[in-house]
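Peer 1: A structural model of the following input is requested.
(one chain, ligands or ions: 2)
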Amino acid sequence: MTAAYPRTSLSVNVNKVALVRNTRHLGIPGVARAARLCLAAGAQGITVHPRPDGRHIRAHDVHELAELLAQDWPGREYNIEGNPTQNLMEFIRAVRPSQATFVPDGEDQFTSDHGWSFPQDAERLAPLVAECRALGVRVSLFMDPVPEQMQAVRAVGADRIELYTEPYACAWGTPQQEEQLARYAAAAQAALEAGLGVNAGHDLNQDNLAAFVARVPGLLEVSIGHAFMSDALELGYAAAVRAYQQCIDDGMARRRS
Ligand SMILES: CC(=O)[C@@H](O)[C@H](O)COP(=O)(O)O
Ligand SMILES: NCC(=O)COP(=O)(O)O
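Peer 2: Ligands and ions are numbered 1, 2, ... in the order given. Model (predicted):
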């Protein structure tokens with residue numbers, strides 16, 4: 001029986017709204033409008049990943065969303081992702097979001113595709129983690145599901161990990177699905193035992209989310225963008241939030257059974 005854990009929060013990543021917006025000089029679709037509609041529908045947070053090349057989320061988006069959340073949605077979370085050795089820290093210092101998620105991406109990375117490595121990354125991450133925490137910003141490290149890495153993550157002062165879930169998503173519906181779920185459950189358990197909170201994200205969708213929520217212990221937050229926005233193009237933002245919340249609730253129910 002998995003110990004009782006709070007309901008897994010849905011943080012909607014709005015990167016892809018900005019990607020479409022940037023293809024014209026008209027300001028639509030609006031990033032802040034998308035966030036407002038998702039929050040009004042019940043999303044517990046908003047995530048952005050302002051990449052150095054500005055392909056989607058740009059500095060003005062980061063500040064507009066910070067103002068929206070602080071003024072209209074003070075109880076919801078703001079999660080800013082990025083590489084703290086690149087452009088992330090300027091945003092953390094300026095807006096002090098609820099959470100900073102450190103991701104080891106290169107400047108021209110197609111998309112995020114791996115987590116940090118310990119002990120190699122510990123020395124350069126520790127002072128950046130300390131700075132965020134001194135600013136009152138929770139720190140989550142983007143990690144592959146490797147149980148043996150979790151003590152080292154805690155040792156650099158991080159509050160949480162974010163499990164990189166593309167390998168699970170790729171295995172969904174294949175004979176390797178169960179093996180991957182067991183791998184992520186073990187990594188999450190090791191994180192919990194190290195005193196870390198557990199987040200997850202990358203390529204989660206309506207098909208694979210409930211099984212992940214059901215199986216991975218202590219899952220506090222999922223951040224979902226690409227598949228969410230694909231669904232929102234068909235359903236609308238509010239219905240997409242409800243659909244993903246239902247997947248989370250289905251997973252929680254299966255976790256208790
Ligand atoms: C860290 C991660 O897995 C995603 O949050 C990332 O933000 C995806 O970035 P793109 O939207 O640029 O693919
Ligand atoms: N941290 C994961 C995230 O914010 C969104 O990833 P994806 O759902 O766009 O793959």
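Peer 1: which of the three states applies to the residue nearest to the spatial centre of the chain?
Peer 2: With distances taken as CA atoms, centre = their mean, the residue of the chain nearest its centroid is residue 223 (3.5 Å). Taking DSSP: H, G, I helix; E, B strand; the rest coil as the rule, one finds residue 223 in the strand state.
Peer 1: that one: what's it in contact with?
Peer 2: Shown in contact with residue 223 (CB atoms under 8 Å, 6 or more residues apart in numbering): 11, 12, 13, 45, 47, 79, 81, 101, 162, 199, 200, 201. Where C-beta positions appear, they are placed from N, C-alpha and C, glycine not excepted.
Peer 1: hey, what's it bridged with?
Peer 2: Beta-bridge partners of residue 223, counted by DSSP bridges, are residue 11, residue 201.
Peer 1: still on that earlier bit, out of the contacts of residue 223, who's near ligand 2?
Peer 2: Taking CB under 6 Å from any ligand atom as the test, ligand 2 is in contact with 13, 47, 81, 162, 201 out of those.
Peer 1: the residue in the stretch 151-257 of the chain positioned nearest to ligand 2 - how many residues pack around it?
Peer 2: Relative to ligand 2, the nearest point of the stretch 151-257 of the chain is residue 201 (2.7 Å; CB to the nearest ligand atom). Residue neighbour count, defined by other CB atoms under 10 Å, stands at 25 for residue 201.
Peer 1: just residue 44 next, same as before
Peer 2: Number of residues near residue 44 (other CB under 10 Å) recorded here: 22.
Peer 1: can you check residue 146 too?
Peer 2: For residue 146, using other CB under 10 Å, the count is 17.
Peer 1: that one contacts residue 187, correct?
Peer 2: Yes - using CB atoms under 8 Å, residue 146 makes contact with residue 187 at a distance of 6.2 Å.
Peer 1: helices of the chain, start to end?
Peer 2: 15-21, 31-40, 59-72, 88-95, 122-134, 150-155, 166-171, 177-193, 209-215, 226-235, 237-256 (DSSP state H).
Peer 1: redo the ones you listed as TSV? Include mean neighbour count.
Peer 2: As requested, those are exported to TSV (neighbours: other CB atoms under 10 Å):
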stretch	mean neighbour count
helix 15-21	20
helix 31-40	21
helix 59-72	16
helix 88-95	18
helix 122-134	16
helix 150-155	20
helix 166-171	18
helix 177-193	18
helix 209-215	22
helix 226-235	17
helix 237-256	18
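Peer 1: so is stretch 28-39 next to ligand 1?
Peer 2: No - judged by CB under 6 Å from any ligand atom, stretch 28-39 stays clear of ligand 1, getting no closer than 12.7 Å.
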